[in-house]
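Trainee: Structure, please.
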Amino acid sequence: MRPIPRKNGQGKKLALVVAAPWTTEVTTAEFAETIAPQLVIPVHDGYVKSFFQKMRYDNYDRYFSTKGIKFQRLVSPGDGVEIA
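Mentor: Sure, this is the predicted structure:
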């Protein structure tokens, strides 16, 4: 079952699992595109190596920018984003 696509993601924020053994980059990106948020905040990637995180973040950043979605990089422990 797939979520119902939404046309207007204005103001929506999505905390998105970006690294996990049960998902792939493609599946994760497709899910986010279906939800159509204004902002994606990556979660569940603390266990990955920094070079892998950078590569994955670069891929997501490139893809989401073509969809009009901002990808908020959280690279170091303690990094955060204010959600209004």
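Trainee: ok, residues contacting the longest helix seen in the chain?
Mentor: Looking across the chain with DSSP state H, the single longest helix is helix 50-66. For helix 50-66, contacts defined as Cβ atoms under 8 Å, 6 or more residues apart in numbering pick out 18-19, 25, 28-29, 32, 40, 42, 45, 48, 70-71, 73, 75. C-beta here means a position set from N, CA and C on the backbone, and glycine is covered the same way.
Trainee: Narrow these to those in strands?
Mentor: Of the contacts of helix 50-66, the ones assigned to strands by DSSP state E are 40, 42, 70-71.
Trainee: Just the buried ones from those?
Mentor: 40, 42, 71 (16 or more other Cβ atoms under 10 Å).
Trainee: can you redo these as CSV with pLDDT and distance to residue 83?
Mentor: Shown next, in CSV, are these (pLDDT from 0 to 100; distance: Cβ to Cβ, whole Å):
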residue, pLDDT, distance to residue 83
40, 94, 12
42, 90, 14
71, 94, 15
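Trainee: Now, of the contacts of helix 50-66, which are buried?
Mentor: Buried members of the contacts of helix 50-66, counted by 16+ other Cβ under 10 Å: 18-19, 28-29, 32, 40, 42, 45, 71.
Trainee: pLDDT value on residue 24, please?
Mentor: With respect to pLDDT, residue 24 scores 91.
Trainee: for it, what are its contacts?
Mentor: Neighbours of residue 24 in contact, by Cβ under 8 Å, 6+ apart: none.
Trainee: same question, residue 29
Mentor: Going by Cβ under 8 Å, 6+ apart, residue 29 touches 60, 63-64.
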